[in-house]
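1. coordinates for the following, if possible.
(chains A and B)
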2 protein chains.
Amino acid sequence: MSNLVVGIDIGGTKIAAGVIDAPCNGASARVLARYISRAHAGQPPDDVIAAAVEAFHAVLAQAGLQPGQVAGLGVGFGGHVNGAAGLILTSSNLPAWDHHPLRDHLQDRLGVPVILENDSNCAAWGEYRFGAGQGSRYLCYVTFSTGYGLGVVIDGKLYVGATGTAGELAHTVIHPDGPLCACGKRGCLICYTAGLGISRLVRERLDLGEQTLLRELCGPSPARVTGEIVVEAADRGDRVAQEVLAIAGRYFGLGLSSVVQMFNPDRIVIGGGLAHVKRWLMQPGFAALRENIHPVLHDSAEIVYSQLWEDAGIIGAAALVWEIKM
Amino acid sequence: MSNLVVGIDIGGTKIAAGVIDAPCNGASARVLARYISRAHAGQPPDDVIAAAVEAFHAVLAQAGLQPGQVAGLGVGFGGHVNGAAGLILTSSNLPAWDHHPLRDHLQDRLGVPVILENDSNCAAWGEYRFGAGQGSRYLCYVTFSTGYGLGVVIDGKLYVGATGTAGELAHTVIHPDGPLCACGKRGCLICYTAGLGISRLVRERLDLGEQTLLRELCGPSPARVTGEIVVEAADRGDRVAQEVLAIAGRYFGLGLSSVVQMFNPDRIVIGGGLAHVKRWLMQPGFAALRENIHPVLHDSAEIVYSQLWEDAGIIGAAALVWEIKM
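-> All right, here's what the predicted structure looks like:
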């Protein structure tokens, strides 16, 4: 049977697809072709599915393959996913997905075996099998970009819990009386960190009328502020941007501290776009991690950066096809 | 080989011992004899060990047994424990235990196989094997008494993590700028809940000079205030006691919410003395749990009370002897 698998990562603003040579026993995976589309943002499920189907065929065509030549499709999805049931439970980034049977839907449409899993879980699995997580027995992978996700691999198995949503770090409460989160609760970690938290913190400062470069960089729509823009302002010496990132970095570390307290991992792999922001986010984050774990846990986990970076999601989704279907 | 095992639970103020008939395949365990001692509180390790050795012999004598007639001794210890290494890492309740090789020490002294594990983990295992946790695949057991502990059983195996301390709920930070905790960090969950948190909250109110029955009930030493005394005052209509318990109940539920977000259990078993305080602690706790988990997780876990209650620790410690030694 073919070693080739397609991996697709469906996020809030981007669909990434790849043809992966993901041998079930090997220690490395190759991405033979890549395809990225951004057409589906904000669209209803049918349009997102159409974009995913298009990505599947486009990336196969790029690699010169027919659907029959791949062993299956692994799909990572940015939201609450029950992988065992093949269901999207809900998504904060994409509308109208509640209880959508995406796995079977794609399987019927594409005629290949499909597995479905949360995007951070896929990336965790990718790093475990082929990246910076290899050899770890108690692995926690965190992705730090627009959202703040966690995937856990214990004893060589993805840990997803009873309904598939274990490791729901972003919506763990860190300030019981904090601001209202999009999920309806108060003071979730994601209100203070990652792209979503950074945007909220910046809007708060702009609303207070503070003087900052961010006003100019964000233009008339402060809703469009991204982590990248705030990092740029911080690099250019903007005090407000630096203060916001110091908060976001601290809460990133507080999130890590909960991970360490709860899972006691031997290794933490850090991925996602904002993991590259060492000075403004990673450094205060690691300081906060150390400050907020019990002293007995100091240095209990090795902390490393991703090896697969933006490929972690598609490689991991693809590798899960082997894991689950064989 | 004998089915009989001794279980000992070493807490901050109490050593409980029992002879347990803990068959490796059965669904029920019997406690054949019980022994409790309180002589060791605040004493150094040598005295605690002497008290444990005395408890071991006393409970065997009560059951009419010789050491050679039991398969081993399981020891639960209230502190950070690396069970695989047989080490106490540290204890907040008992002084001078850092990196103490308690398992080998007891084994040499008693001449029977000894296993060592954190006390909440023992109780979790007891409930899983013989109590309210039976049949659960993703079990979280919380003990709510002087401290607030968590034990996790995944796929029929105790989950302890890389250095044995997984599920360190009490010292997970819930208020990054909160009061200083005994562990040296700020705003740990245990600052607001369980016996330790309740005492702290009461002292805060007494220091403010507030009028409360607690002043009379606690006597001249408010350091001696216990959860039980505060419950008594609340039952008698004391407003300060009721307010303190409302806070403690809420933070108990916030702790449960982190457990649900992180581990996504199919069942939560609640044990410990304060779990009996339904009106002042459990009811606000369950309300806070529901408010502080992502809506997609509502009703994801069945919540039940302990079946083994104060025997959970000694039964679980004993049952771990079978699990680990066989």
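2. going forward, measure contacts between C-alpha atoms and count neighbours the same way
-> OK.
3. domain assignment for chain A?
-> Annotated domains of chain A cover A:4-131+A:310-325, A:138-306 [automatic domain parsing].
4. and of the ones you listed, who's closest to B:L256?
-> domain A:138-306 (10.7 Å; CA to CA).
5. A:A52 and A:I8 touch, don't they?
-> Yes. A:A52 is within contact range of A:I8, at 7.5 Å (criterion: CA atoms under 8 Å).
6. quick one on the thing from earlier: need the domains of chain A in CSV with distance to chain B and mean neighbour count, can you?
-> As requested, those are exported to CSV (distance: least, CA to the nearest CA, whole Å; neighbours: other CA atoms under 10 Å in any protein chain shown):
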stretch, distance to chain B, mean neighbour count
domain A:4-131+A:310-325, 7, 21
domain A:138-306, 4, 21
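7. mind checking the ones you listed for the one nearest to B:P67?
-> Here domain A:138-306 is closest among the domains of chain A (CA to CA), at 34.6 Å.
8. sorry, back to before: quick one: common contacting residues for A:A52 and A:I8?
-> A:I15 (CA atoms under 8 Å, 6 or more residues apart in numbering or on different chains).
9. all strands of the stretch 51-200 of chain A, in order?
-> Taking DSSP state E, counting those that start in this stretch as the test, the strands found in the stretch 51-200 of chain A are A:73-77, A:80-82, A:87-90, A:114-118, A:138-144, A:148-154, A:157-159.
10. ok, the first one: who's next to it in the sheet?
-> In other words, strand A:73-77. Sheet pairing for strand A:73-77, assigned by DSSP bridges, gives strand A:4-10 (parallel), strand A:114-118 (parallel).
11. next: the last one.
-> Strand A:157-159 has its sheet partners listed here by DSSP bridges as strand A:148-154 (antiparallel).
12. what's in contact with the strand it pairs with?
-> A:120-125, A:128, A:137-143, A:158-160, A:167-170, A:190, A:193-194.
13. repeat the analysis, applying 7 Å as the threshold.
-> A:120-121, A:124, A:137-143, A:158-159, A:167-170, A:190, A:194 (CA atoms under 7 Å, 6 or more residues apart in numbering or on different chains).
14. likewise for stretch A:47-66?
-> Applying CA under 7 Å, 6+ apart, the contact partners of stretch A:47-66 are A:15, A:17-19, A:32-35, A:40.
15. so where is chain A shaky, pLDDT-wise?
-> For chain A, residues meeting the criterion pLDDT under 70 lie at A:1, A:325-326.
16. if we go to 50?
-> Scanning chain A with the threshold set as pLDDT under 50 gives A:326.
17. helix, strand or coil: sort out A:S300 for me.
-> Applying DSSP: H, G, I helix; E, B strand; the rest coil to A:S300 yields a three-state assignment of coil.
18. ok, it touching A:D266?
-> Yes. Contact criterion CA atoms under 7 Å: A:S300 and A:D266 qualify, at 6.5 Å.
19. assign the residue lying closest to A:L256 once chain neighbours are set aside to helix, strand or coil.
-> Excluding the flanking residues, the one nearest A:L256 by CA to CA, 6 or more residues apart in numbering or on different chains is A:L289, at 6.0 Å. Following three-state DSSP, A:L289 is assigned to helix.
20. show me what contacts A:L289?
-> Per CA under 7 Å, 6+ apart, neighbours of A:L289: A:253-254, A:256-257.
21. could those be laid out in JSON lines, adding secondary structure and distance to B:E310?
-> Compiled in JSON lines, the contacts of A:L289 are given as follows (DSSP: H, G, I helix; E, B strand; the rest coil; distance: CA to CA, whole Å):
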{"residue": "A:G253", "secondary structure": "helix", "distance to B:E310": "37"}
{"residue": "A:L254", "secondary structure": "helix", "distance to B:E310": "34"}
{"residue": "A:L256", "secondary structure": "helix", "distance to B:E310": "34"}
{"residue": "A:S257", "secondary structure": "helix", "distance to B:E310": "31"}
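22. can you give me the helices for the stretch 151-300 of chain A?
-> A:194-207, A:214-218, A:227-235, A:239-263, A:283-291 (DSSP state H, counting those that start in this stretch).
23. now do the first one: which elements does it pack against?
-> Translated: helix A:194-207. Contact here means 3 or more CA pairs under 7 Å, 6 or more residues apart in numbering or on different chains; DSSP states H and E; on that basis helix A:194-207 packs against helix A:239-263.
24. how far off centre is the helix it packs on?
-> 17 Å (CA atoms, centre = their mean, to the nearest Å).
25. in CSV, list the strands of the stretch 51-200 of chain A along with distance to B:Q211.
-> CSV is the format used below for those (distance: least, CA to CA, whole Å):
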stretch, distance to B:Q211
strand A:73-77, 56
strand A:80-82, 49
strand A:87-90, 49
strand A:114-118, 53
strand A:138-144, 49
strand A:148-154, 46
strand A:157-159, 50
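26. looking at those, which is closest to A:A233?
-> Closest to A:A233 of these, according to CA to CA: strand A:138-144, at 19.3 Å.
27. pull that closest one out as PDB, backbone CA atoms only.
-> Extracted in PDB, the C-alpha atoms of strand A:138-144 (Å, rounded to 0.1, in the frame of the first residue of the first chain):
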ATOM      1  CA  TYR A 138       5.200  12.700  28.000                       C
ATOM      2  CA  LEU A 139       5.100  15.300  25.300                       C
ATOM      3  CA  CYS A 140       3.200  18.600  25.300                       C
ATOM      4  CA  TYR A 141       3.200  20.600  22.100                       C
ATOM      5  CA  VAL A 142       1.900  24.100  22.200                       C
ATOM      6  CA  THR A 143       1.200  26.200  19.200                       C
ATOM      7  CA  PHE A 144       1.300  30.000  19.800                       C
END
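28. hey, what's A:I8 bridged with?
-> For A:I8, the beta-bridge partners are A:A17, A:V75 (DSSP bridges).
29. that one: what's it in contact with?
-> A:15-18, A:74-76, A:314, A:317.
30. swap in A:P95?
-> Contact analysis of A:P95 by CA under 7 Å, 6+ apart lists A:42, A:44.
31. again with the one 5 residues further on
-> By CA under 7 Å, 6+ apart, the contact list for A:H100 reads A:87-89.
32. can we see that at 6 Å?
-> A:87-88 (CA atoms under 6 Å, 6 or more residues apart in numbering or on different chains).
33. from B:L60, how far out is it?
-> 59 Å (CA to CA, to the nearest Å).
34. try A:A124
-> A:A124 is 49 Å from B:L60, by CA to CA.
35. excluding chain neighbours, what is closest to A:G79?
-> Leaving out its chain neighbours, the residue that sits closest to A:G79 by CA to CA, 6+ apart is A:S91, at 4.3 Å.
36. may I have the phi/psi pair for that neighbour?
-> With angles defined as degrees, to the nearest 10, A:S91 sits at phi -140, psi 140.
37. I'd say it and A:N82 touch.
-> No. If you go by CA atoms under 6 Å, A:S91 and A:N82 don't touch, sitting 11.9 Å apart.
38. for the residue lying closest to A:A123 once chain neighbours are set aside, helix, strand, or coil?
-> The shortest distance from A:A123 to any non-neighbouring residue, by CA to CA, 6+ apart, is to A:G313 (4.1 Å). Taking three-state DSSP as the rule, one finds A:G313 in the helix state.
39. A:G313 touches A:S120, doesn't it?
-> No. Under the criterion of CA under 6 Å, A:G313 makes no contact with A:S120, lying 7.2 Å away.
40. in chain A, which residue is most central in space?
-> A:S120 (4.2 Å; CA atoms, centre = their mean).
41. now do the contacts for that one.
-> A:149-151.
42. rerun at 10 Å
-> A:S120 makes contact with A:9, A:76-79, A:126, A:141-144, A:147-152, A:167-168, A:271-272, A:312-313, A:316-317, according to CA atoms under 10 Å, 6 or more residues apart in numbering or on different chains.
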